[in-house]
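1. sharing a sequence plus its predicted fold:
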Amino acid sequence: MGLFDRLRGNDTPRVAFIGIDGLSYRLVADNPETFPTLSAIADDGESGGIDSIVPAESSACWPSLTTGKNPGETGVYGFQDREIGSYDTYVPMGRDVQVPRVWDRATDAGLDATVMNVPVTFPPQRTVQRMVSGYLSPDLDAAAHPEELREYLTGGDYRLSVNAKLGHKADKTAFLEHASETLEARAAAFERYVERDDWDLFVGVFTAPDRVNHFLWDDYEESGEYRDELLSFHAALDEHVGSIREALPDDVTLVVGSTHGFTRLRYDVYCNEWLEREGWLSYGDDDHDALAGIDDEARAYSLVPGRFYLNVEGREPNGAVPESEYEETRAELRDALESWTGPDGNPVADRVLDRETVFRGDHAAIAPDLVVVPNDGFDLKSGFRSHDGVFDADGPRTGMHAFDDAALFVDHPDAAVEDADLLDVAPTLLRLLDVDHGRTDFDGASLV
């Protein structure tokens, strides 16, 4: 037990959650020698591959993981969401998450929470002990609170994210150096505040693994030039998790998890280009780069990743699909998506899901009408600029998110991870903290 616990006389159980964006459970299971720390947690507690949410995109996943709610409740469906009754779109930030996070529930119960680098948390909340917001924050100075945290982070090498543009170069040396430096600085910051031992809940997220996997996954699967570098990067990550584990007091339960896994990317797929060529989407002129550029004859459009919307009368400003024809038109689009094949002859879609199948809650009004869960290899893009083709096999990224390959490691003997999914993480953390909550407060359930 740490010094602050002794001073406070606090016998409340404590939890540290380390998030690893893009950690593939299959990668860990197939390479135990690369992951001795995670393998040890699995031996001492429980581990497994878990399902992500639909869509398995980081901007939607992290709000769902940290709330235990589906996007219909969080109000966040992806990197770009649309305004109700408008063609305007916006990038969701922390204040767009419409339900309490796990640290909100902890602080409401009188506990102290340190939260570091969780995506979709800008601006930093002043209601928690300390917070540095994660990916999508405009700059580090504005992303950290209180002043002591801000001064420490801005005075060193801490970065909010890896420079992904470096990954576009054929020579990945500079990209890997940048990713490793980002990982090292973040691990040092996590260890600093873990060792403060003044918190009840610690949440810290490593995002560099996601970036590395996006650009090197093909090398891993095909024994390419940078396979060893990808594994070495993950070995360093595991070592940092091990250092954090060693620094934790005995009264802290460690949970490590990711929001999605990874698989090989073979084609970038431009969904709006496909809709236009299939007669579903049209624009007001040839110069278009946003949703607002579609015309009043467009019957459908797409937002990333794989979210398809009908242009419905009375819902969209210039809707072309009468409400009375909604189900018929949606079925037509569903059939088209289910029969859509790539250049290799394989189906693009593994599943095409109706909105009411996957989204429930007070914020389902901006939900897509259909969601495509793609087959491995087809990474669904949804910009509104014109492209030379629907499929691009020459993009810089060689790895894409996998729905069924997220990872969860719980350093607790009573955990049961089998058949778990992303929505089970938040209630598990609160159960470990002994924070009361209602039986219907979450879309998931505690795993302990």
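-> Received the coordinates, thanks.

2. show me where the chain dips below the pLDDT cut-off.
-> Across the chain, the ranges flagged by pLDDT under 70 are 1-10.

3. domains of it?
-> Annotated domains of the chain cover 3-263+400-433, 267-392 [automatic domain parsing].

4. can you lay out the ones you listed as JSON lines showing mean neighbour count?
-> Glycine gets a C-beta too; all of them are placed from N, C-alpha and C. Formatted as JSON lines, the domains of the chain follow (neighbours: other Cβ atoms under 10 Å):
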{"stretch": "domain 3-263+400-433", "mean neighbour count": "20"}
{"stretch": "domain 267-392", "mean neighbour count": "18"}
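
5. would you reformat those domains as CSV and include distance to Ala445?
-> Below are these laid out as CSV (distance: least, Cβ to Cβ, whole Å):
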stretch, distance to Ala445
domain 3-263+400-433, 6
domain 267-392, 16
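
6. how about those domains, which one is nearest Val448?
-> domain 3-263+400-433 (5.0 Å; Cβ to Cβ).

7. which parts of the stretch 51-200 of the chain are strands?
-> In the stretch 51-200 of the chain, the strands defined using DSSP state E, counting those that start in this stretch lie at 81-82, 89-90, 113-118, 130-133, 144-145.

8. note down every partner strand of the fourth one and its orientation.
-> Next to strand 130-133 in the sheet, as set by DSSP bridges, lie strand 113-118 (parallel), strand 144-145 (antiparallel).

9. show residues contacting the first one.
-> Contacts of strand 113-118 from elsewhere in the structure, counted by Cβ atoms under 8 Å, 6 or more residues apart in numbering, are 19, 62, 66, 103, 106-107, 121, 125, 128-135, 160, 186, 189-190, 193, 196, 199-207.

10. mind checking which of the strands of the stretch 51-200 of the chain is nearest Pro36?
-> Of the strands of the stretch 51-200 of the chain, nearest to Pro36 by Cβ to Cβ is strand 113-118, at 24.0 Å.

11. from the middle of its chain, how far away would that closest one be?
-> The chain centre lies 15 Å from the centre of strand 113-118; the measure is Cα atoms, centre = their mean, to the nearest Å.

12. what about stretch 99-114, start to end distance?
-> 19 Å (Cα to Cα, to the nearest Å).

13. again with stretch 441-448
-> OK, stretch 441-448 end separation, Cα to Cα: 17 Å.

14. out of the strands of the stretch 51-200 of the chain, flag the one nearest Ala164.
-> Using Cβ to Cβ, the nearest of these to Ala164 is strand 113-118, at 16.0 Å.

15. Asp81 touches Pro92, doesn't it?
-> Yes: with contacts counted by Cβ atoms under 8 Å, Asp81 reaches Pro92, the gap being 5.5 Å.

16. can you give me the helices in the stretch 1-150 of the chain?
-> With DSSP state H, counting those that start in this stretch as the criterion, the stretch 1-150 of the chain has helices at 3-8, 25-30, 36-44, 58-67, 71-74, 102-108, 140-143, 147-154.

17. can I get those in a markdown table including distance to Ala298?
-> Shown next, in a markdown table, are those (distance: least, Cβ to Cβ, whole Å):
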| stretch | distance to Ala298 |
| --- | --- |
| helix 3-8 | 58 |
| helix 25-30 | 40 |
| helix 36-44 | 47 |
| helix 58-67 | 24 |
| helix 71-74 | 24 |
| helix 102-108 | 40 |
| helix 140-143 | 38 |
| helix 147-154 | 45 |
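
18. hang on, the earlier thing: so which of the strands paired with strand 130-133 gets nearest Val252?
-> Nearest to Val252, of those and by Cβ to Cβ, is strand 113-118 at 12.2 Å.

19. quick one: the closest one to helix 58-67, angle?
-> 160 degrees (axes from the mean of the first three to the mean of the last three Cα atoms, to 10 degrees).

20. tell me what angle strand 113-118 forms with helix 147-154.
-> Going by the same axes, to 10 degrees, strand 113-118 makes 30 degrees with helix 147-154.

21. secondary structure class for Ala407?
-> strand (DSSP: H, G, I helix; E, B strand; the rest coil).

22. OK, contacts around Pro396?
-> So Pro396 contacts Gly167, His168, Phe215 (Cβ under 8 Å, 6+ apart).

23. filter those residues down to the ones in helices?
-> Phe215 (DSSP state H).

24. what helices or strands is the longest helix seen in the chain leaning on?
-> For the chain, the helix with the greatest residue count under DSSP H is helix 173-196. Counting by 3 or more Cβ pairs under 8 Å, 6 or more residues apart in numbering; DSSP states H and E, the packing neighbours recorded for helix 173-196 are strand 113-118, helix 147-154, strand 201-206, helix 208-221, helix 227-247.

25. ok, now with 7 Å
-> strand 113-118, strand 201-206, helix 208-221, helix 227-247 (3 or more Cβ pairs under 7 Å, 6 or more residues apart in numbering; DSSP states H and E).

26. give me the contacts around it.
-> 16, 114, 116-117, 153, 156-159, 162-163, 166-167, 169, 202, 204, 206, 208, 211-212, 215, 229, 233, 236-237, 240, 243-244, 247-248 (Cβ atoms under 7 Å, 6 or more residues apart in numbering).

27. spatially central, which residue of the protein would that be?
-> In the chain, the residue lying closest to the centroid (Cα atoms, centre = their mean) is Ser58, at 2.2 Å.

28. how near is the residue nearest to it when sequence neighbours are not counted to Lys172?
-> Closest residue to Ser58 apart from its sequence neighbours, by Cβ to Cβ, 6 or more residues apart in numbering: Pro119 at 5.6 Å. Remark: distance between Pro119 and Lys172 (Cβ to Cβ, to the nearest Å) = 23 Å.

29. now the residue nearest to Tyr158 when sequence neighbours are not counted: how far from Glu191?
-> What sits nearest to Tyr158 in space, not counting adjacent residues and going by Cβ to Cβ, 6+ apart, is Ala185, at 4.8 Å. Distance, Ala185 to Glu191, using Cβ to Cβ: 11 Å.

30. what's the answer for Asn31, then?
-> On the measure of Cβ to Cβ, Asn31 and Glu191 end up 24 Å apart.
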